[in-house]
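Q: Here is a sequence together with a model predicted from it:
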Amino acid sequence: MENISIKIILARPRNPDNIGAAARAMANFGLGELILVAPHIPTWRETAETAATAGSGEPVWLMERARAAVGAADVIKSARICATLAEAAADCGLLLGTSALQRRTPDRDVVLLRDLQGYLSERLPNGRGEGGGAGIGVLFGSERTGLSNEDLSHCHVVLNIPTRENQPSINLGQAVALVCYELAGRSSGALPRAVRPKAPVPTMGELDRVVSEICAVLAGAEGLDKGGKNYTAEIRRALLDARLTKGAMGVLKTLLRRLR
């Protein structure tokens with residue numbers, strides 16, 4: 001576990017108790033990197049107990065989350081706020097997007113939670129992210145809507161927690177706890193190690209920059225359909241599915257520079 005960077009990323013969270021519960025679960029299993037993407041500042045702040053924060057110097061919303069995150073104050077205080085998912089996942093070598101898959105047909109591979117350890121064994125050489133140091137991120141959607149198709153277009157695979165059909169939805173804090181437990185490992189407390197080292201892969205930030213370059217080349221190509229179609233998600237999906245190494249990405253960038 002100590003050899004890999006694991007980020008828990010919450011997209012547009014709305015409930016302070018869920019944020020606190022997620023932080024507590026992270027602390028339970030030794031994870032410390034929490035990122036919030038465009039968090040909502042709900043109206044519950046107006047009814048918070050002012051006595052709890054009097055003279056503390058901390059904002060009300062921070063104190064509210066801290067009460068739900070007993071024993072996880074360090075996780076809460078070090079949590080990073082990002083405006084976009086691209087910013088939050090920029091240094092991740094592997095991004096997993098969680099989804100209940102209700103009324104949705106995924107356009108990428110689905111990994112069941114019980115198979116997560118086996119999947120990571122294939123993707124994480126020597127206990128590290130594929131990038132030889134770039135870690136992994138696990139993305140959770142908002143309590144109301146979950147992850148959008150745009151959110152999932154940034155992910156390598158969809159991570160699914162199997163549930164009963166008549167009650168498929170899991171509380172955000174509970175979902176984070178289940179995933180953290182699997183990431184921690186059931187026996188040794190460490191992530192599985194691959195037998196052979198693998199070539200480094202680009203981070204999500206590096207991949208997104210190449211996607212932008214491809215879109216720029218396509219936009220200037222004569223004869224390309226100018227109907228306003230946005231190819232960004234499709235191009236990103238193709239590159240994610242290709243599992244390009246850093247070396248292959250470098251070759252692609254060289255070709256793009258010559259085409260422009």
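A: Structure received. Numbers count the residues shown, from 1 in each chain.

Q: least trustworthy helix or strand in the chain by mean pLDDT?
A: Lowest mean confidence among the helices and strands of the chain (mean pLDDT, DSSP states H and E): helix 60-68, at a mean of 57.

Q: Specify the next element, helix or strand, located C-terminal of that one.
A: Going down the chain from helix 60-68, the next helix or strand is helix 73-77, by DSSP states H and E.

Q: And the next helix or strand along the chain from that following helix, what does it pack against?
A: Using DSSP H and E, the helix or strand that follows helix 73-77 towards the C-terminus is strand 80-82. The elements that strand 80-82 packs onto, with contact taken as 3 or more CB pairs under 8 Å, 6 or more residues apart in numbering; DSSP states H and E, are strand 33-37. C-beta coordinates here come from the backbone N, C-alpha and C atoms, glycine included.

Q: can you map out the helices along this structure?
A: According to DSSP state H, the chain carries its helices in the segments 16-28, 60-68, 73-77, 85-88, 116-123, 149-152, 172-184, 204-219, 232-242, 246-259.

Q: nearest to V37, of those helices?
A: Among the helices of the chain, helix 85-88 comes nearest to V37, with 5.1 Å by CB to CB.

Q: contacts for that closest one?
A: With contact meaning CB atoms under 8 Å, 6 or more residues apart in numbering, helix 85-88 is reached by 7, 9, 11, 35, 37, 80, 82, 137, 139, 151, 154, 204-205, 208.

Q: for S142, which residues make a bridge with it?
A: G146 (DSSP bridges).

Q: OK, contacts around it?
A: With contacts defined as CB under 8 Å, 6+ apart, the neighbours of S142 are A11, R12, P13, R14, H40.

Q: Out of these, which comes closest to E122?
A: For the contacts of S142, the closest approach to E122 (CB to CB) belongs to A11, at 26.0 Å.

Q: Pull the contacting residues for the closest one.
A: Contact analysis of A11 by CB under 8 Å, 6+ apart lists V37, A38, L85, L139, F140, G141, S142, L147, D151.

Q: Q102 versus N166, what's the distance?
A: Per CB to CB, to the nearest Å, N166 is found 12 Å from Q102.

Q: In terms of neighbours, single out the busier of these two.
A: Q102 (9 against 5; other CB atoms under 10 Å).

Q: Does the more buried one touch I170 like I think?
A: No. The criterion here is CB atoms under 8 Å, and Q102 misses it with I170 at 11.4 Å.

Q: For V157, give the beta-bridge partners.
A: Counting by DSSP bridges, V157 is bridged to L96.

Q: what's the burial count for it?
A: Neighbour number of V157 under other CB under 10 Å is 20.

Q: buried stuff in stretch 253-260?
A: By neighbour count with 16 or more other CB atoms under 10 Å, stretch 253-260 contains the buried residues K253.

Q: Could I get the pLDDT score of the closest residue to S169 other than its chain neighbours?
A: Setting aside the residues directly before and after it, S169 is nearest to A100 in space (CB to CB, 6 or more residues apart in numbering), at 6.1 Å. At A100 the predicted local confidence, pLDDT, stands at 86.
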